[in-house]
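generate coordinates for the sequence data below:
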Amino acid sequence: MEIQVLKVSIQQKIVVKHLLELYKYDFSEFDNVDVDEQGSYGYTYLDNYWTEPDERFPFLVKVDGKYAGFALIRKIKKGIDFYYSMAEFFIMKKYRKNGIGRHAAFQLFNIFSGHWEVAEIEENLSAQKFWRKVISEYTNNDYKEFEKDDWKGPIQTFIS
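Below is the predicted model:
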């Protein structure tokens with residue numbers, strides 16, 4: 001099985017847009033969001049991944065040449081410092097539970113070396129389990145978990 005994590009060109013933006021609909025559908029179980037009048041969930045910040053190329057980074061995940069998911073990474077400035085944030089991460093159900101998400105996450109952590117924060121919402125227990133396991137393995141259990149006042153759920157922080 002060949003797993004690729006590929007930077008998304010502007011020509012591939014439509015692929016991310018379609019995969020975001022699947023992601024948002026899965027996520028609606030937690031955030032209770034409805035589709036709009038056109039039957040779409042939409043994603044407010046999608047265009048920003050091409051208009052803010054130094055702060056937002058879109059990736060597609062392919063398995064044996066087929067689209068399997070995506071990742072949206074943000075570079076968050078904090079004073080003179082910054083950290084990377086996994087803004088969105090999605091692997092289609094067909095490809096879950098066989099190491100593809102782990103492989104993709106490891107590749108992204110290696111591409112963007114430095115401080116990271118990965119946050120999950122309180123209700124998404126499967127995401128919490130996934131990220132704790134992946135980050136623990138990636139860092140050899142050298143990470144911290146905390147909560148912020150403006151976020152309901154755990155956040156893992158570590159250095160890649």
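
mean confidence for the lengthiest strand in the chain?
Identified as the longest strand of the chain according to DSSP state E is strand 66-78. For strand 66-78, mean pLDDT is 96.

just how off-centre is whichever helix or strand comes after that strand within its chain?
Using DSSP states H and E, the helix or strand that follows strand 66-78 towards the C-terminus is strand 81-91. The chain centre lies 6 Å from the centre of strand 81-91; the measure is Cα atoms, centre = their mean, to the nearest Å.

which of the residues in strand 81-91 are buried?
Under the neighbour-count criterion of 16 or more other Cβ atoms under 10 Å, strand 81-91 has Tyr83, Tyr84, Ser85, Met86, Ala87, Glu88, Phe89, Phe90, Ile91 buried. Where C-beta positions appear, they are placed from N, C-alpha and C, glycine not excepted.

would you format those residues as JSON lines with pLDDT and distance to Ala71 included?
Shown next, in JSON lines, are the buried residues of strand 81-91 (pLDDT from 0 to 100; distance: Cβ to Cβ, whole Å):
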{"residue": "Tyr83", "pLDDT": "97", "distance to Ala71": "16"}
{"residue": "Tyr84", "pLDDT": "98", "distance to Ala71": "11"}
{"residue": "Ser85", "pLDDT": "97", "distance to Ala71": "11"}
{"residue": "Met86", "pLDDT": "98", "distance to Ala71": "7"}
{"residue": "Ala87", "pLDDT": "97", "distance to Ala71": "8"}
{"residue": "Glu88", "pLDDT": "97", "distance to Ala71": "7"}
{"residue": "Phe89", "pLDDT": "98", "distance to Ala71": "5"}
{"residue": "Phe90", "pLDDT": "98", "distance to Ala71": "8"}
{"residue": "Ile91", "pLDDT": "98", "distance to Ala71": "9"}
